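[1] Return atomic coordinates for the entry below.
(one chain, ligands or ions: 1)
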Amino acid sequence: MPGSFDILAVAAHRDDVEQTCGGTLLKMAERGRRTAILDLTQGEMGTRGTAEDRAREAGEAARILKVAWRCALDIPDGRVENTYDNRIKVARVIRELRPRVLILPYWQARHPDHATASLVGYEASFLAGLAKLDLGAAPHRPYKIVYASLYADVRPTFVVDISEQFDTRFAALMAYRSQYQDQEQGSGLFPRQAEIRERIAAMAGYYGLLAGVRYAEPFVQKEVGLVDDLLAIPVQSI
Ligand SMILES: [Zn+2]
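    Alright, predicted model coming up:
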């Protein structure tokens, strides 16, 4: 297992990260940051494809996003629960990777797995820092936790400009061929690729518009923003 990472994104399902913060991860990697993804489940409940298909596709998507490390835990898909065992599984990964920044899903969500993944990630971060909890690796707590809020209907506290990463992020999502290629099976559920792209561009365009850029990904942070220089605050007011 590799040493220190800059950013770890935790999500319930493979392809969640690609939809919510993949552009941000790519942008950070392009700037020389070491990024990682931890998926809590293996996707065995998906309508299309098998867990093995999704494992292969997730690896391909990680390569496209220049993510240095990706792993999926064995928590049951559709049954992500905030148990001590699950928190410990995530805490172990946090200690091994030692990320400075942790990206979690927003804590309120339509899909219960997403909301629970947020709680599990937060509480695992707390556990990971407990000096007397013996998990084999040295205690570590992320310095910063931010919440990827694309799935949630909340106003972000900041957005990341992904105008230059948008196309590549879309390619990473399309790496999930079992999910997104036009097929007969379940065709009532899955929109065609062009429609998906239009929907994703509309979302990224909306968040971009809020900040005066073309495409962006939204995040919420619980802490206040700290400003050193009023003249350096971005995003025009009027
Ligand atoms: Zn999901």
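
[2] going forward, measure contacts between C-alpha atoms and count neighbours the same way
    Noted.

[3] Give me the below-cutoff pLDDT ranges for the chain.
    Applying pLDDT under 70 to the chain picks out residues 1-2, 182-191.

[4] What is the longest helix of it by residue count?
    If you go by DSSP state H, the chain has its longest helix at helix 193-211.

[5] interface residues of this structure facing the ion?
    Contacts of the chain with the ion, taken as Cα under 5 Å from the ion, map to 13, 16.

[6] so where do the strands sit in this structure?
    7-11, 35-39, 69-72, 101-105, 144-148, 158-161, 216-220 (DSSP state E).

[7] Any chance of CSV for those strands, columns mean neighbour count?
    Shown next, in CSV, are the strands of the chain (neighbours: other Cα atoms under 10 Å):
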stretch, mean neighbour count
strand 7-11, 27
strand 35-39, 23
strand 69-72, 18
strand 101-105, 26
strand 144-148, 21
strand 158-161, 20
strand 216-220, 26
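
[8] export these to JSON lines and tack on distance to residue 50?
    Shown next, in JSON lines, are these (distance: least, Cα to Cα, whole Å):
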{"stretch": "strand 7-11", "distance to residue 50": "19"}
{"stretch": "strand 35-39", "distance to residue 50": "16"}
{"stretch": "strand 69-72", "distance to residue 50": "14"}
{"stretch": "strand 101-105", "distance to residue 50": "24"}
{"stretch": "strand 144-148", "distance to residue 50": "26"}
{"stretch": "strand 158-161", "distance to residue 50": "33"}
{"stretch": "strand 216-220", "distance to residue 50": "29"}
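
[9] Which among these is found nearest to residue 55?
    Smallest distance to residue 55 across the strands of the chain (Cα to Cα): 8.2 Å, for strand 69-72.

[10] That closest one - contacts with which helices or strands?
    Packing partners of strand 69-72 (3 or more Cα pairs under 8 Å, 6 or more residues apart in numbering; DSSP states H and E): strand 35-39, helix 51-64.

[11] May I have the strands that pair with it, each with its orientation?
    strand 35-39 (parallel) (DSSP bridges).

[12] what sits up against the partner strand?
    5-14, 17, 25, 28-29, 66-73 (Cα atoms under 8 Å, 6 or more residues apart in numbering).

[13] likewise stretch 75-93?
    If you take Cα under 8 Å, 6+ apart as the criterion, stretch 75-93 is touched by 12-13, 40-45, 73, 112-113, 116-117, 119-121, 123-125, 127-128, 135, 137.

[14] Go through the residues you listed and flag which are in helices.
    Taking DSSP H, the ones among the contacts of stretch 75-93 that sit in helices are 112, 113, 116, 117, 119, 120, 121, 123, 124, 125, 127, 128.

[15] could you flag which of those residues are buried?
    Buried subset of the ones in helices among the contacts of stretch 75-93 (neighbour count, 16 or more other Cα atoms under 10 Å): 113, 116, 117, 119, 120, 121, 123, 124, 125, 127, 128.

[16] check contacts around the third one.
    Right, the one you point to is residue 117. 10, 11, 12, 40, 80, 81, 82, 104, 105.

[17] Look up the residues forming beta bridges with the closest residue to the second one other than its chain neighbours.
    Meaning residue 11. Spatially, and ignoring its direct neighbours in sequence, residue 11 is nearest to residue 39 (5.0 Å; Cα to Cα, 6 or more residues apart in numbering). Beta-bridge partners recorded for residue 39 (DSSP bridges): residue 11, residue 72.

[18] and residue 39, how far is that from residue 202?
    Per Cα to Cα, to the nearest Å, residue 39 is found 26 Å from residue 202.

[19] What of residue 21?
    Note on residue 21: its distance to residue 202, by Cα to Cα, is 15 Å.

[20] So for these two, which residue has more residues nearby?
    residue 21 (25 against 13; other Cα atoms under 10 Å).
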